[in-house]
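K.L.:
Give me coordinates for this.
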Amino acid sequence: MGKLGNHLIVQLKVVINMKEDCKNNVIKNLLLNQKGMALLTTLIFVFLLVTFGVALLTMTSNDTKLSYLQRDSTKAFYLAEAGVDKALWYLNTSVDDGGEGLDWRTDDTDRYPNGYLREPYPAGSTSYYQITAVDNPDPDKEEIIITSKGVVSDGNKVYGSRKIKVIAKKSISPSSTLHYNYALGAESIITLIGTPTVVGDIHSNGTVGGSENIQDINGEITTGGNELYPKIDFDYYKQLATTNGTYFEEGSKPPEFDNGGTIEGIYFIDDDVKIIGNTKLTVHNGTIFSSKSIYLGGNAEITHIKDETYDNPLALVANGDIDLQGKVTTQGVIQSNSTITIGGTDSVLYAAIVADTVILHGTPSINYDPNLQGEVVVGTGIEIYKIISWRETY
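P.N.:
Predicted structure coming up:
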């Protein structure tokens, strides 16, 4: 190409190198140029700060809402507990003392059309507890089911709601105010037929009637009111008998009930007690309990003997009827949650007789034991409902 061609090539390379250098210098200058970086950094920082602030406010708001929810939920729970306490107070407080009594239920549609009782708590508040109290649908279980819902509300909106369900069962609470102060005491009716002899006071919350010969009643006869008599704690005596080895389950019984003889201590029979024929049974320093009924046939005899070493005055106790047609000689209390019938002509009882209904016929002699006056008997007391299970429900 000669000298001219080589010269042109050299010039072209110079131009190309200059363009490359200019391009590199432009890029380098752009990279080294600090103009606008402060603004960009500020914008990024502000963005991060705003994002953090929004997140913090959101977390704070959520925590506040959760705190309010927790507060209202806890308050609703305590309202529900207050409802349970109020239901038990209604049940375990007599009408005379402002309560409703053991028979109170909220499925009484005449009083509670909606099937529940609702009360503000505290008084005048828009928050409330809502109570239901119904019998256990299982007839074999003498229990009551109480549900209480606590509601935190401003009258329009509900902010918290919790519900508690408890099962309560009748039990006995010891009482220092209940005593066996009558020769005959009944919650409903006392019927005196023939010429029984009664030495001691007679009281029935219902009526006293029959063909009694007033000269054979040596004591005051009163009726009406709501006299409370000591109730037997069957669970207490069942446990006591089990511990002492004198508990008999359903279908079994002491051989002495058929063959006669002497028994001592607490005998608890989880069945009917029948003493018939010519059986002669002596109870020495002891008590017969039946979870059902006690029957003494016409020719059978029970003699109850106790001395100063035995301080329990209970003699014959049954959850059901007590029917004594034979000869009974006893010292102590004869008590039934149902009916006591005494018809033995030779019966002599130094005792107190307590039942829902008492029937005397023939010529038995009832002599009140003055040692029972004002005495508090272990394993007796006032009947109340006690909680046997508790759980929160929805």
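K.L.:
how about Leu360, what does it touch?
P.N.:
Contacts for Leu360 (Cβ atoms under 8 Å, 6 or more residues apart in numbering) come out as 184, 191-194, 196, 198, 210, 342-343, 366. For every residue, glycine as well, the C-beta is placed using N, CA and C.
K.L.:
Domain-wise, how is the chain divided?
P.N.:
63-174+386-393, 184-378 (automatic domain parsing).
K.L.:
Using CSV, lay out these together with mean pLDDT.
P.N.:
What follows is the domains of the chain, written out as CSV (pLDDT from 0 to 100):
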stretch, mean pLDDT
domain 63-174+386-393, 93
domain 184-378, 92
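K.L.:
out of the ones you listed, deepest packed?
P.N.:
When you average the neighbours per residue for each of the domains of the chain (mean count of other Cβ atoms under 10 Å), domain 184-378 leads with a mean of 18.
K.L.:
Check the offset of that domain from the chain's centre.
P.N.:
A distance of 30 Å separates the centroid of the chain from that of domain 184-378, by Cα atoms, centre = their mean, to the nearest Å.
K.L.:
start the count at 26, not 1, going forward
P.N.:
Let's use 26 as the start, then, which means that last one is domain 209-403.
K.L.:
Who are the contact partners of the closest residue to Thr354 other than its chain neighbours?
P.N.:
Leaving aside its chain neighbours, Thr354 sits nearest to Thr328 (4.9 Å; criterion: Cβ to Cβ, 6 or more residues apart in numbering). By Cβ under 8 Å, 6+ apart, Thr328 lies in contact with 305-308, 354-355.
K.L.:
Look up how far His329 lies from Thr354.
P.N.:
Distance, Thr354 to His329, using Cβ to Cβ, to the nearest Å: 7 Å.
K.L.:
Ok, Tyr103 next?
P.N.:
For Tyr103, the distance to His329 - Cβ to Cβ - is 53 Å.
K.L.:
again, but for Ser229
P.N.:
25 Å.
K.L.:
Equivalent analysis for Thr151, please.
P.N.:
From Thr151 to His329 the distance is 63 Å (Cβ to Cβ).
K.L.:
What of Lys195?
P.N.:
Using Cβ to Cβ, Lys195 is found at 28 Å from His329.
K.L.:
Lys256 too?
P.N.:
Taken as Cβ to Cβ, the span from Lys256 to His329 is 21 Å.
K.L.:
Name the SS class of Gln65, please.
P.N.:
Gln isn't right for residue 65; it's Leu. helix (DSSP: H, G, I helix; E, B strand; the rest coil).
K.L.:
Let me know the pLDDT of it.
P.N.:
Predicted confidence (pLDDT) for Leu65: 73.
K.L.:
What of the one 3 residues further on?
P.N.:
Model confidence at Leu68, expressed as pLDDT, equals 79.
K.L.:
can I assume it sits in a helix?
P.N.:
Yes - the assignment for Leu68 by three-state DSSP puts it in a helix.
K.L.:
Would you mind giving the secondary structure of the residue nearest to Thr354?
P.N.:
strand.
K.L.:
Show the contacting residues for Thr232.
P.N.:
214-215, 248.
K.L.:
State the distance from the residue nearest to Thr354 to Leu341.
P.N.:
12 Å.
K.L.:
between those two, what contacts are shared?
P.N.:
Thr355.
K.L.:
Doesn't Ala80 lie inside a helix?
P.N.:
Yes - checked against three-state DSSP, Ala80 lies within a helix.
K.L.:
May I have the beta-bridge partners of Lys352?
P.N.:
Under DSSP bridges, the beta-bridge partners of Lys352 are Glu326.
K.L.:
just the one 4 residues further on next, same as before
P.N.:
Applying DSSP bridges to Gln356 yields these beta-bridge partners: Tyr375.
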